[in-house]
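# could you work out the structure for the sequence below:
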Amino acid sequence: MAVELNTNVLYFGDNLEILRKYIPDNSIDLIYLDPPFNSKKDYNILFKENGGVESEAQIYAFSDTWHWTQAAQDTYHEIAIKGSLKVGKLIDSLRDAIGSNDVMAYLVMMTIRLIELHRVLKPTGSLYLHCDPTASHYLKIILDQIFGHANFRNEIIWRRANAHNDPKRFGRISDTILYYAKSDSAKWNAQHTPYRENYYKSHYTQDAEGRFYRTVPLDAPRHGKGSPALLYEWHGKWPATTRTWAVRKEKMEEYEQSGLLIYTKTGTPTLLQYSDEMPGVLLQNIWTDIPPVNPQAKERLGYETQKPLALLERIISASSNKGDVVLDPFCGCGTAVVAAQKLNRKWIGIDITHLAINLMRNRLKDSFPRIKFEVIGEPKDLASARSLAHQDRYQFQYWAGGLIGARPPGGLKKKGADQGIDGIIPFIDSPEGKASRVIVQVKSGHIGVNAVRELTVVAAKEAIGVLITLEPPTTPMITEAISAGYYHSQLYDKDYPKIQILTIEELLQGKTVDMPSQTQTSIAFPKAPRVKKNPSQQSNMMYATPARNTPRVAEGTAQLPMAEAE
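Model (predicted):
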């Protein structure tokens, strides 16, 4: 039975399993992936898969450390024995050269997923793999075998920082983005960047109205005998014996009717071009004009590896069109998904952590208040909640906390010693704007009254304490919670129970924390700015050209020969 593709959906789970179960062949227009780089940087602790074994798919925001486990061995066997001959031979050779170590474990994990990503791409599709120099050379060899070296398009260098003080080496300030097409028919929309200001002064003339203009020759070098369509008489003049006209006669007539032709003293036609009518310089493979997400950026969500929205807008604009499907199999905080939604594309996001799914859910709702999307893979009933708790208690904690809008106590960066706190919900509850907190504990096993007493101690200096339980509370637990008294809200002049017990069953039915409103304050996850959808098929130029107005010129002007831009 054929699988039907769902779009505008977030999947929780191992992306390898999701790809095989939900994504049919030749169904995706563009794939962007920003997987772990294997840089050995301790972003965070390695998580387990939702299946209960060590995850080789993705890590929570994340620890780039890999090990040769049974899962890596099994995946290697699948690639080498069951996969295509050329990819299997490559992986076998790499293992002989590298050994069964952490690097090989990382490459095996990536290879099996890149094979599936190639399968789901349309013939007109493209893949952009974001990585760093630690692994980019290995990944490029693997991609050459899977996609074919002829389908390699670019190694894009993105400057992600201005300077680094890296000991005993040159500062490392760039990431690599490997761009592959599935075939020669892959979609492509040329992107442009503005000319530098001094380029206008050296290549353009400013008219009385302040507009920059220049004239461009309308003849071009002749190759061989030249195209007959470009060899014609124009106002009694033919091109020189070694040249042709640059455009067909119909286009030349169109320019003349638009008043865009200026003739030289010898009678040769040239085209009048205004700088504000030109698309700019064709984008090259070194990108220095998109800064990283700095600590003060409005779009910053606190996710360690968050990429700027402008970076993803550029990639999506270049290799897809309106209505196309964009897939991000290592979704993280969802920048590719947000960019796709903004640019009127359909999208699919996959992540193996409930923390990321909760973050993306909130980000999408903040960015696009009227958006409709589906989340697949999360527990929907008490039985599936019990299953998740049994498989992975940390993922259960993140999922359960997400039901009431709580975030991990360490923010989005690190999971560590929590002093008995599994989540927090900050809110403002004073005229001065001082922040207060709800602290959350999540229990997935059998508990008693001592759990409530411990929460009461931990929550003593906080506004409210919430205990989320998988099992119904006992009568002594309820009595102990009631005896804790109330928290009085200064802003609302209202009392709220100091200690509250919520069961998973109640949360699935819609019950939530009894607390002051958060509508006018920060929510648990950093609030993403609202995004206005962009109807354009091309990405916007990042800086305006120094011209005063932008009239439309005849179609085809931008394809003419132009002087070199700085």
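# can you give me the strands in the stretch 251-400 of the chain?
Counting by DSSP state E, counting those that start in this stretch, the stretch 251-400 of the chain has strands at residues 261-263, 269-274, 281-282, 286-287, 325-328, 346-351, 374-376.
# out of these, the one nearest L127 is which?
strand 325-328 (9.3 Å; CB to CB). C-betas here are computed from N, CA, C, even on glycine.
# which pLDDT value belongs to N358?
You'll see N358 listed with a pLDDT of 87.
# and of the strands of the stretch 251-400 of the chain, who's closest to R361?
strand 374-376 (6.5 Å).
# list the contacts of the helix or strand that contains Y496.
Element membership of Y496, judged by DSSP states H and E, is strand 494-497. Identification of contacts with strand 494-497 by CB atoms under 8 Å, 6 or more residues apart in numbering yields A463, I464, A481, I482, A484, Y486, Y487, H488, S489, D514, M515, P516.
# how far does that strand sit from the chain's center?
41 Å (CA atoms, centre = their mean, to the nearest Å).
# now swap in stretch 233-241 and tell me
53 Å.
# same question, stretch 374-393
Mean C-alpha position of stretch 374-393 versus that of the full chain (CA atoms, centre = their mean) differs by 26 Å.
# show the average pLDDT along it.
91.
# any regions of this protein where pLDDT drops low?
1, 37-66, 302-303, 410-419, 518-527, 534-566 (pLDDT under 70).
# name the residue closest to the centre of it, please.
The residue lying closest to the centre of the chain (CA atoms, centre = their mean) is A336, at 2.9 Å.
# roughly how far apart are the nearest residue to A389 once chain neighbours are set aside and G485?
Leaving aside its chain neighbours, A389 sits nearest to S444 (3.8 Å; criterion: CB to CB, 6 or more residues apart in numbering). Distance, S444 to G485, by CB to CB, to the nearest Å: 27 Å.
# those two - which one has more neighbours?
S444 (20 against 12; other CB atoms under 10 Å).
# is it true that the more buried one touches I468?
No. Assessed by CB atoms under 8 Å, S444 is found out of contact with I468, at 9.1 Å.
# got the contact list for stretch 107-119?
Contacts for stretch 107-119 (CB under 8 Å, 6+ apart): 15-16, 19-20, 23, 25, 31, 33, 35, 56-57, 66, 72, 75-76, 78-79, 83-84, 87, 91, 94, 98, 127, 129, 135, 138-139, 142-143, 146-147, 182, 327, 329.
# again, only this time at 7 Å
The list of residues contacting stretch 107-119 from outside it, by CB atoms under 7 Å, 6 or more residues apart in numbering, reads 15-16, 19-20, 25, 31, 35, 56-57, 72, 75-76, 78-79, 83, 87, 91, 94, 127, 138-139, 142-143, 146-147, 182, 329.
# look through the protein and tell me its longest strand.
Determined from DSSP state E, the single longest strand within the chain is strand 121-131.
# list the buried residues of it.
Buried residues in strand 121-131, counted by 16 or more other CB atoms under 10 Å: L121, K122, T124, G125, S126, L127, Y128, L129, H130, C131.
# how about the fifth one, what does it touch?
Residues in contact with S126, defined by CB under 7 Å, 6+ apart, are L30, Y179, Y180, A181, K182, A186, S319.
# again with the last one
For C131, the contact set (CB under 7 Å, 6+ apart) comprises F37, L139, D175, T176, L178.
# got it, and the first one?
Applying CB under 7 Å, 6+ apart, we find L121 in contact with I28, I31, L127, K182.
# can you tell me how far it sits from I141?
19 Å.
# can you give me the helices in the stretch 151-300 of the chain?
197-203, 249-257 (DSSP state H, counting those that start in this stretch).
# nope, the stretch 301-450 of the chain is what I meant
309-319, 335-342, 354-367, 382-391, 393-403, 449-458.
# name the nearest residue to S27, ignoring sequence neighbours.
In space, S27 is closest to L5, 4.8 Å off (CB to CB, 6+ apart).
# hang on, the one you found packs against I28?
No. If you go by CB atoms under 7 Å, L5 and I28 don't touch, sitting 8.3 Å apart.
# between these two, tell me which one has more neighbours.
Under the criterion of other CB under 10 Å, the comparison of L5 against I28 puts I28 first, with 28 against 15.
# bridge partners for that one, pull those for me.
L121 (DSSP bridges).
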